[in-house]
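[1] Turn this into a structure:
(3 chains)
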Amino acid sequence: MGSFFAENILGFPILSVLIFLPLAGAGVAMLLRGDKLLKGWTLGIMFVEALLSIPLWVNFDPNTALFQFGENHHWINALHINYALGIDGISLLLVLLTTFVMPLCILCSWKYIDKRVKEFVITMLIMETAMVGVFMALDLVLFYVFWEAMLIPMYLLIAVWGGDNKAYASVKFFLYTLAGSVLLLVAIIALYLSQGTFFIPELMGQSYSFAFQFWVFLAFALAFAIKVPMFPFHTWLPAAHVEAPTPGSVILASVLLKMGTYGFLRFCLPITPAAMFYLAPVFLWVSIISILYGGFVALGQKDMKKLIAYSSVGHMGFVTLGIFLINLEGIQGSIIQMVNHGITTGALFICVGILYERSHSRMISDNSAIGSFMPVYVAFLGLFSLSSLAFPGTNSFVGELYILIGAFKQDKVIAFLAIPGALLAATYMLRLLQKIIWDKSDGHAHHEEAHADEGGHANHFFDINIREFATLAFLSVFVVWIGLMPKPFVNKITTSVTNVIANATASSNAATTPQGLDGLWSELTGGSSHGDGHGSSDQPGDNTGHDAAPAHGNPTEGGH
Amino acid sequence: MEFMHPAIIMIIGAVLAAALKGTPRKLVVLAAPLAAFLVVAFGMEPGTYGVINYCGFELVTAKVDTLSLVFLHVFTLMAFIGAVFSLHIEDGSQHAAGFLYVAGSLGTTLAGDYLTLFIFWELMAFASTFLVWARREPKAIKAGYRYLLMHTAGGLVLLGGIFLRYKSVGHLEFGPLNPAEADLSIYLIMIGFALNAAVVPLHAWLPDAYPEATVTGAVFMCAFTTKTAIYVLARGFAGFEILAIMGAIMTLYGVGYAVIENDGRRILAYHIVSQVGYMVCGIGIGTELALNGAVAHAYAHILYKALLFMGVGSVLYMTGTAKLNELGGLYKRMPLTAVFTIIGGIAISGFPLTSGFVSKSMIIAGAGDNHQLLLMLMLILASVGTFLSVGIKLPYFIFFGEDKGVEANDPPLNMLIGMGIAAFFCFFIGIYPDWLYDKLPFAVTYHPYSQYHLSETMQLLGFTALGFYVLRKLMQPKDKLNLDLDWFYRKAIDKVMALLRNPLEPINEWVGDLYKIVGYRFALGVAATSSVFDRVVIDGIVDGLAYKILGVGEKVRHTQTGKLQQYIAMATAAFFMVVALMAAF
Amino acid sequence: MSRLIVTLIDYLRTRPMMLRGVCITLLGLIVLYDFMAVRHGDHFVGDRIRGFWALFGFIGCVGMTKFMKGLGYAFLMQPLDFYTSKERGED
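    Take a look at the predicted model:
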């Protein structure tokens, strides 16, 4: 089993440390008292966590596709469940995104969360453990445990510290995600029964029958599609975002949504490539619909958080578009864009939170015309808005560039349809910006009275303080850095992505073709012809047996 | 000698201008464009510089040759004049926006590849929008928004064309294109460029936004967006016949509206469409004479159009209105402004001894030499309209005519100096055309001061004036809104917004609530009936797991708001269990 | 300087007859000049006819004005709030 891993240069189990450090911090937090102390302690733990993740970046070998910093121990031997961790180019950036965004969440919630602070920090720390674990797990059960473990804290975040409609939103979130989780479990079980192991690298590149791949892929894909969220499973997102407190929204947008797209790349592509190629056109179209739909609905929004929530649907549409192009630029672009979206949308939610703390309203009309007395804030908001609409020079431009290049290589029609999505993004972001910064003319009589009576509801907002400034400044550094010098980031992911695509292409070419839909149905109901591989092969991408008719689906372009 | 990209100078200037106040800022505002001008005028040798690798593309950020040099020359000169004119503005962000706008223009002019071009193109669009928004009036805000939308849409069409081109030829070099090989990618790029050049029917943003911009902002805007587009068209699309035709149509279209418009700046804005039409037509004709003419005209036009915008802008600044029906008789109170505006007017009309006489006619001669007689006549007719609307009507109803008694004075000194510099160049080029001709991309064999040309021009001008005199009552401007092609997208936007608010939102909500139906049935149904998932899930363990998970779902659904401690305890307990298990094994 | 300009213009405005006379004389001289001007390589028929451009200028001006004003009164001219009165908070 060691042949999947590169040697751990650091010599100590850094991944485990990164996973359990926040948990340990939570344990300690249970014993502490005093809100300030709790928040400070949590901030400290997360800060240390972020620092500890830097060696991952520094020591990452960009030239190998093997999993790095790996750990592999037996856990529940009877069921062949291992405690296996490892990261590669695909997960490295996501882990770093998580560890760096979490402390910012605590920072932005410093004043915002004032009741049940202890429960809050514990929830956040447990979430961090779960999220980091999701990206690092190389065993399906371990992955599933972490995946599920993230559900409850997120639910609590909305249900306890959320807005007026929190009950509705939190339950909606929970039920949607739960449905997806069930499907996930089904897929996991099916794979176990086929191969007798939960170890992910061994499950990759096996020559499963096409029909088997089809159903497993569908189960995975639906689960992840709910998470991303892809149209039409997206409706939990606006509700959740609107009702969640600012730190909840930030972490939801920055990290949680990425779990879905990560799942596509980590599971669907390597394990069920034939099905993925076959169904890619469907998902490409769904992505386009997500982009355009998200954009259009965002355009009509009066609530700032809802607007950004729908913009997330649109942005994640671009990410899934990149993934299902299954070429180098497309997937590179989607990974970069995952990181970018995390940075930019997280920052936008922090910005909205800053306004909310002052005006106690999420409505655009109650937060308009602040440009004259909050110039620094406006500068930041402007920068992140530009990033959100992929203005050249910002991080999102790089991601979109790659994705569009990948799209144009594959299918002109899809590519052309994606472009109006960019235009829509410009439209709604600029509308938001224009109204917030300048627009006094909103015809809200009630608003005018507020101005007159209280000496200005919106009139005497204070510009941002040091804490808020630090949070936003940190994020803006990355907006500009990735935007102008994306090479260091792209370099880390290229090898892994190339490898994944090559393996997927090779093994999907070797899979058997479906004998019409009958084959699919019998696969589902028969129950005795799951998979063909017996035992495990040594290397991912090793295709034993099965002379093949070429698989249906997208003409593939292997690597680049 | 090391190469200094003038756009960088302007960007640094923008940042400093936004950050500083008072006198230091004024110094920066003057110094930045002056420095850029000096770099261009004295420091640039033809060649390729600044090649950068970005995202796997090779970007050529500075390709210098005669064509780009002449445009850079006038752009930086104009930036300086604009800076002088706007020196009195206290708002640092306006200066910054203007300078970033200029930087965008300079960067586009120097771009040697499409990606660099696109990046600076977008910079121009965004920066100039701020010049419109800076006026802070509701009309201006809305107009700026429409302006930005149009430009972003155009930019995306351009981007689409660039991608397609990359796919078909494999590189992004920006150079002359062959009309015979024109495919979708080339047409898309052309449309993207054409929008910025205000080619009809993509022109409506210009008369919509320019009159709403700030006084000083409009002076900047009139010079750069359209002329940068002319530059890229000149480099890439010389000889595309469709441009010749569209250009000629533009000249008449713009001038026609200028004749009936009432707002002084809107007259000038429509007139930009007309004058740019000359340039587009010259590019379309494609001969050396016509191209020289287009470039020369661009150069001269920037200066006298800016002069006109400065003149009318000064009137707006001092009186509060630019509407012709509200003004009149201002020569008594704003004599210097009147003189400068008239100079601009005669320059644009092509009076002998002005820059217009030696530049516009090159294009007309080019059309004639190329035996495109209909085009030539259209262009000459447009000249008639030009003199009529901008040379006579505009100054007449503002400065002469019936005195409406509007309070006014000549504007502050910096504005007068700005106008003075521009006026100087209008005459300088007219009297000494070789100064400009030496800069043109091709060798010049044209002699503007021929007897025939003088005669033709004087006849046209003189008798147009006669026509005006005869019809001066009819020419009275009415304060009305003239419908133009923007009707389509303004109405269309309305309808789209209505569509969004009405059916789409409720449908979205309905779809979203489907989960409830599904969720209930899911939770209840799985337990009761056998389903697809029941089939797949064979093993007993798995069955139990599935039920347990659903069971939790049910519980959660019922106990939405309470028992917080229970859940926290559960979660923590679960994790301690995991830890314990791991420790045990 | 401004005083000078104002004085000059006032002088001209108070003598409309003189102004008119000067202008008409100028127009006559211009047409006359056309008979003397040397022509190189005429492009079309109008180049050879003396005084063609004078006619072109006058008729062009009058024609254009009448045409555009006609169009204006026909359907182009609308009240100033044509778009805004129908927009309910257009974005």
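[2] what bits of chain C have low per-residue confidence?
    Low-confidence segments of chain C, defined by pLDDT under 70: C:40-46, C:84-91.
[3] so where do the strands sit in it?
    C:77-78 (DSSP state E).
[4] now do the stretch 401-550 of chain B
    Taking DSSP state E, counting those that start in this stretch as the criterion, the stretch 401-550 of chain B carries its strands at B:481-482.
[5] Close to chain C: what parts of it are there?
    Residues of the stretch 401-550 of chain B found near chain C (Cβ under 8 Å from any Cβ of the partner chain) are B:410, B:450-452, B:454-456, B:458-468, B:470-471, B:474-475, B:478-483, B:490, B:493-494, B:497. No exception for glycine: its C-beta is placed from N, CA and C like everyone else's.
[6] again, 6 Å this time
    Residues of the stretch 401-550 of chain B lying close to chain C (Cβ under 6 Å from any Cβ of the partner chain) are B:451-452, B:455-456, B:458-460, B:462-464, B:466-467, B:471, B:474, B:480-483, B:490.
[7] Out of those residues, which are close to chain A?
    For chain A, no contacts are drawn from those by Cβ under 6 Å from any Cβ.
[8] Just the buried residues of those residues.
    Those of these that meet the buried threshold are B:452, B:455-456, B:458-460, B:462-464, B:466-467, B:471, B:480-482, B:490, by 16 or more other Cβ atoms under 10 Å in any protein chain shown.
[9] near chain C, which residues of the stretch 101-250 of chain B?
    Checking the stretch 101-250 of chain B against chain C by Cβ under 6 Å from any Cβ, there are no hits.
[10] Any figure for the gap between B:Val273 and C:Gly72?
    The gap separating B:Val273 from C:Gly72 is 17 Å, by Cβ to Cβ, to the nearest Å.
[11] contacting residues for the residue of chain C found nearest chain B?
    Distances between chain C and chain B by Cβ to the nearest Cβ are smallest at C:Cys61, namely 3.1 Å. C:Cys61 sits next to B:384, B:388, B:464, B:467 when contact means Cβ atoms under 6 Å, 6 or more residues apart in numbering or on different chains.
[12] Could you grab the helix/strand/coil label for the first one?
    The assignment at B:Val384 comes out as helix when based on DSSP: H, G, I helix; E, B strand; the rest coil.
[13] Can you give me the neighbour number for the closest residue in space to it that isn't next to it in sequence?
    Distance criterion Cβ to Cβ, 6 or more residues apart in numbering or on different chains; nearest residue to B:Val384, sequence neighbours excluded, is C:Gly60 at 4.1 Å. Per other Cβ atoms under 10 Å in any protein chain shown, the neighbour tally for C:Gly60 reads 23.
[14] One more: the one 10 residues further on?
    By the other Cβ under 10 Å criterion, the neighbourhood of C:Gly70 contains 11 residues.
[15] Kindly report the same for the one 3 residues further on.
    Burial of C:Tyr73, expressed as a neighbour count using other Cβ under 10 Å, amounts to 12.
[16] Could you measure from it over to chain A?
    Going from C:Tyr73 to chain A by Cβ to the nearest Cβ, to the nearest Å gives 32 Å.
[17] Quick check: that residue vs B:Pro138, distance?
    The value you get for C:Tyr73 to B:Pro138, if Cβ to Cβ is used, is 30 Å.
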